[in-house]
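# how would this look folded up:
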Amino acid sequence: KFIAAIFVIIALSCASKKRPIPAKIEFKTNFEAAKALAIETNRPMIIDFFTDWCKWCKTLDTLTYKDSLVIGLSLDNVFVKINAEVDTALARKYAVSGYPTIVLTKSNGEEIDRIWGYMPPADFYNQIQLYMQGKETMADYQNRLQDEPENLEYLSIIAEKYAGKSQYAKAIEINNKIIQLDPDN
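As a prediction, this is how the structure comes out:
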């Protein structure tokens, strides 16, 4: 009985620490207010840059952001929704050139990495989790490249990430390096 009581106490204490998942994501629409909240609560921001005419932005809203797995991310992240055609200065600051663009940042607004285009719920959740662990980010691939400077896959991913940040000259430079390393393909 004593051991059974201990298991019940442990189970109850674990259950009481689990935070309930909200019914929906409460998006902030004012970037400065969202950033202040992120800094105050020491939480990263997930900034969704969208336009009213973007079909995939609407699909993200109706499918991905309605999924309980993705909604659960709002417990540890501040979600921000920015119409890129209204807040053009912020869209320019983050070099947004396609929609949707989801930028994951530290609480101070410094970019960790981004998702360019639509992702279904499970993929979106997994990508955010990887980015939060420092995996599959630009910095991660640049670190990997130090050990394998001629890895064509890493170079290609980095070039794609530069293009997603509207840094086309850098993307072209890396693609030219890929061509030099593998001229037959």
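
# Show me the strands in the chain, by range?
45-50, 78-83, 101-105, 111-116 (DSSP state E).

# if you compare those strands, which one is most tucked away?
Comparing those on average neighbours per residue, with mean count of other CB atoms under 10 Å, the densest one is strand 45-50 at a mean of 25. All C-beta atoms are positioned from the backbone trio N, CA, C, and that covers glycine.

# Which residue is the nearest non-sequential neighbour of the residue nearest to the spatial centre of the chain?
Within the chain, one residue has its C-alpha closest to the average C-alpha position: by CA atoms, centre = their mean, that is residue 104, at 3.9 Å. Leaving out its chain neighbours, the residue that sits closest to residue 104 by CB to CB, 6 or more residues apart in numbering is residue 112, at 4.6 Å.

# now residue 72
Closest to residue 72 by CB to CB, 6+ apart is residue 21, at 4.8 Å.

# who touches residue 112 in this structure?
With contact set as CB atoms under 8 Å, 6 or more residues apart in numbering, residue 112 has these partners: 44, 104-106, 131-132, 137.

# Mind checking which of these are buried?
44, 104-105, 131-132, 137 (16 or more other CB atoms under 10 Å).

# which one of those is nearest residue 56?
The shortest separation between residue 56 and any of the buried ones among the contacts of residue 112 is 17.9 Å, and it belongs to residue 104 (by CB to CB).
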